[in-house]
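Enquirer: I'll drop the sequence and a predicted model, then ask my questions.
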Amino acid sequence: GELFLKHLPSEKNHLFKLILKALRSYHGESSVKSILKQALKNVDILYKKGLFEECKKELKRAKKLANSHEFFYYLFEIISWQKILLEEDYENGEFSQSIEEIAEEEENVLMLLQNLAQYQVIYGKVNAIFRTGGFTPSKLHEDMLRELMNSPFLEDATLAKSIRSNCIRVYSLGFCAIAENNIEKAAEYFEEVIQIFEENEWLREDKAKRYLRSLGQLLTCKVLLNDRSGATEIYKKLESLEEQDNFHNPDLIAFRFRVLKQIQVEMALMFDQKIQADELIASIKETKNVLSKEFEMMMHYRLALYEFSCGFHQKALKHVNEIINNSDKELRQDIYGHVRVLNILIHLCIGNTDLVEYALKSTIRFYTQRERNHDADIHFLKSLRQYNKMSNSKKSEYLKGDRLLKEFPAVKNMEDRFLELAIKKGMI
């Protein structure tokens, strides 16, 4: 017993490796990537045994699969093996294929691989910008975004040399359109991305999460465009994916769940649908492997907007406090700024005059310390300070004349639209 306990860490590592080995064996042919990896291992074994003809057959099958699924990395490795086998053929006096043919093919695959790598860099930058700054990125990220939007790789469709590259190109254009507050154009791009996925089932299977994210972004665009029928159609499509085998792994189930729950609140906010916020949060917390920091923050923010729009100020405040007290301040800085503004609006409605003044000072200081120019936001906050000092009768006249919304900063992005919508429904 003592000896076993002494070696428990190493035994755990050994058991973990055995479990992974068993899982690799079980899932060995569950994806094209797995099949290609296995095929290349088989080629290596067959080559060492001197079974060159069997190597060629294995490579031929793998090459066809890699070509049809645009797995250029594996294709490059397959061609490398073909070059090795060609040398064996030459030594045996067989000259059925020239080295020039393979070299030309290798050069083309290398070009496709480099092209895809360039688009993956763009994809990585887009994700980095929107995961941190959201739709009001920092000055550095704003410059990066402007550079991306002017990139010939996005502007010129002919530069995307493969379906994978083109999919990334259109997906990135969708986010750039959102950043420019062109929701109509963004919807068109995400519709095109979804079409690419659905016309190429192999790509949808390999990049299932990107497909789900595209559906989610398109659905949000439809909501903001007040397209109830379009939004409902996409929502039903997202729900129907539960029946498809390709979307049954735990990570995709959790991701689809997150998209549906967030959109459910957005649709309720825009289309005046009723939801039970407490039950929604409870169902999320009961579901394992669903919560992520960004999702938790977004859900509380969307629910705060919804509750505020319905006039449930104490409930809205509960969600706002969850974000202010528990969220990562560097994650989605656009949301964090809007939450502070929403916090002030809630306390204005409740009548917490002294607390409003403190929150105003804190939020103005927050915006002053940001890299970007927030003069319009600060001007709006100062107008709220004036509103806070008015009598109740003057406040009523102020709201009836839509003067509050006139002071609201010009809508620049998706999140500005949601906040403006909540103010219209909750205060005006």
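Expert: Great, that's in hand. Residues are numbered from 1 along each chain as shown.

Enquirer: Report pLDDT for residue 408.
Expert: We have a pLDDT of 86 for residue 408.

Enquirer: what do you get for residue 391?
Expert: Value for residue 391, per-residue pLDDT: 84.

Enquirer: Number of residues surrounding it?
Expert: 8 (other CB atoms under 10 Å). The way it works is simple: take the backbone N, C-alpha and C, and place the C-beta from them, glycine included.

Enquirer: count of residues packed around residue 308?
Expert: 26.

Enquirer: wait, I meant residue 201
Expert: So residue 201, with other CB under 10 Å, has 10 neighbours.

Enquirer: what's the distance between it and residue 71?
Expert: Applying CB to CB, to the nearest Å, the value for residue 201 to residue 71 is 15 Å.

Enquirer: can you check residue 239 too?
Expert: Look at residue 239 and residue 71: by CB to CB, they are 31 Å apart.

Enquirer: So for these two, which sits in the more crowded spot?
Expert: For residue 239 and residue 71, the more surrounded residue by other CB under 10 Å is residue 71, and the numbers stand at 21 against 11.

Enquirer: backbone phi and psi for the more buried one, please?
Expert: Dihedral pair for residue 71: phi -90, psi 80, per degrees, to the nearest 10.

Enquirer: which regions of the stretch 251-400 of the chain sit below the pLDDT cut-off?
Expert: By pLDDT under 70, the low-scoring segments of the stretch 251-400 of the chain are 287-291, 327-331, 400.

Enquirer: most centrally placed residue in this structure?
Expert: Against the mean C-alpha coordinate of the chain, by CA atoms, centre = their mean, the closest residue is residue 213 at 5.3 Å.

Enquirer: Please name the nearest non-neighbouring residue to that one.
Expert: residue 259 (7.5 Å; CB to CB, 6 or more residues apart in numbering).

Enquirer: In whichever strand or helix holds that neighbour, which residues are buried?
Expert: Per DSSP states H and E: residue 259 is located in helix 250-271. Within helix 250-271, the residues that count as buried by 16 or more other CB atoms under 10 Å are 252-270.

Enquirer: ok, now stretch 54-73?
Expert: Here stretch 54-73 shows 55-56, 58-59, 62-63, 65-66, 69-72 as buried, counting by 16+ other CB under 10 Å.

Enquirer: which two of those lie the greatest distance from each other?
Expert: 55 and 70 (23.5 Å; CB to CB).

Enquirer: What number of residues are in the vicinity of residue 314?
Expert: 9.

Enquirer: what sits against it?
Expert: residue 350 (CB atoms under 8 Å, 6 or more residues apart in numbering).

Enquirer: separation between it and residue 345?
Expert: With the distance defined as CB to CB, residue 314 ends up 14 Å from residue 345.

Enquirer: just residue 409 next, same as before
Expert: For residue 409 relative to residue 345 (CB to CB), the value is 14 Å.

Enquirer: Neighbour count for these two, which is higher?
Expert: residue 345 (23 against 17).

Enquirer: counting contacts, what elements does the host helix or strand of that one pack onto?
Expert: For residue 345, the host element (DSSP H and E) is helix 333-350. The contact analysis (3 or more CB pairs under 8 Å, 6 or more residues apart in numbering; DSSP states H and E) places helix 333-350 against helix 293-309, helix 313-326, helix 353-368, helix 375-388, helix 414-426.

Enquirer: Same question for that helix: list its buried residues.
Expert: Those would be 333-348, for helix 333-350 by 16+ other CB under 10 Å.

Enquirer: which helix is the longest one in the chain?
Expert: Longest helix in the chain, counting residues (DSSP state H): helix 99-132.

Enquirer: What lies in contact with the next helix or strand along the chain from it?
Expert: With elements assigned by DSSP H and E, the helix or strand that comes after helix 99-132 is helix 139-149. Contact with helix 139-149 is made by 122, 125-126, 128-129, 132-133, 137, 154, 172, 176, 179-180, 371-372, as judged by CB under 8 Å, 6+ apart.

Enquirer: What residues of helix 139-149 count as buried?
Expert: Buried residues in helix 139-149 (16+ other CB under 10 Å): 141-142, 144-145, 148-149.

Enquirer: Turn the residues you listed into TSV, columns for pLDDT and distance to residue 416.
Expert: Compiled in TSV, the buried residues of helix 139-149 are given as follows (pLDDT from 0 to 100; distance: CB to CB, whole Å):
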residue	pLDDT	distance to residue 416
141	65	17
142	71	15
144	78	21
145	79	16
148	85	21
149	85	19
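
Enquirer: tell me which of those residues is nearest to residue 295?
Expert: Nearest to residue 295 among the buried residues of helix 139-149 is residue 141, at 21.1 Å by CB to CB.

Enquirer: excluding its backbone neighbours, what's nearest residue 118?
Expert: Per CB to CB, 6+ apart, closest to residue 118 is residue 153, 6.1 Å.

Enquirer: can I assume that neighbour is in contact with residue 169?
Expert: Yes. With contact defined as CB atoms under 8 Å, residue 153 counts as touching residue 169 (6.7 Å).

Enquirer: Same drill for these two, tell me which one is more crowded.
Expert: Applying other CB under 10 Å to residue 153 and residue 169 shows that residue 169 carries more neighbours, namely 25 against 18.

Enquirer: what packs against the helix or strand harbouring that one?
Expert: Assigned by DSSP H and E, residue 169 belongs to helix 163-179. With contacts taken as 3+ CB pairs under 8 Å, 6+ apart, helix 163-179 sits against helix 99-132, helix 139-149, helix 152-155, helix 183-199, helix 201-206, helix 208-224.

Enquirer: Output the ones you listed in a markdown table; the columns should cover distance to residue 353.
Expert: Below are the helices and strands packed on helix 163-179 laid out as a markdown table (distance: least, CB to CB, whole Å):
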| stretch | distance to residue 353 |
| --- | --- |
| helix 99-132 | 35 |
| helix 139-149 | 35 |
| helix 152-155 | 50 |
| helix 183-199 | 37 |
| helix 201-206 | 55 |
| helix 208-224 | 34 |
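
Enquirer: and among those helices, the most buried is which?
Expert: Mean neighbours per residue, mean count of other CB atoms under 10 Å, is largest over those for helix 208-224, with a mean of 22.

Enquirer: Check the offset of it from the chain's centre.
Expert: Mean C-alpha position of helix 208-224 versus that of the full chain (CA atoms, centre = their mean, to the nearest Å) differs by 9 Å.

Enquirer: That one versus helix 414-426: what angle between them?
Expert: 40 degrees (axes from the mean of the first three to the mean of the last three CA atoms, to 10 degrees).
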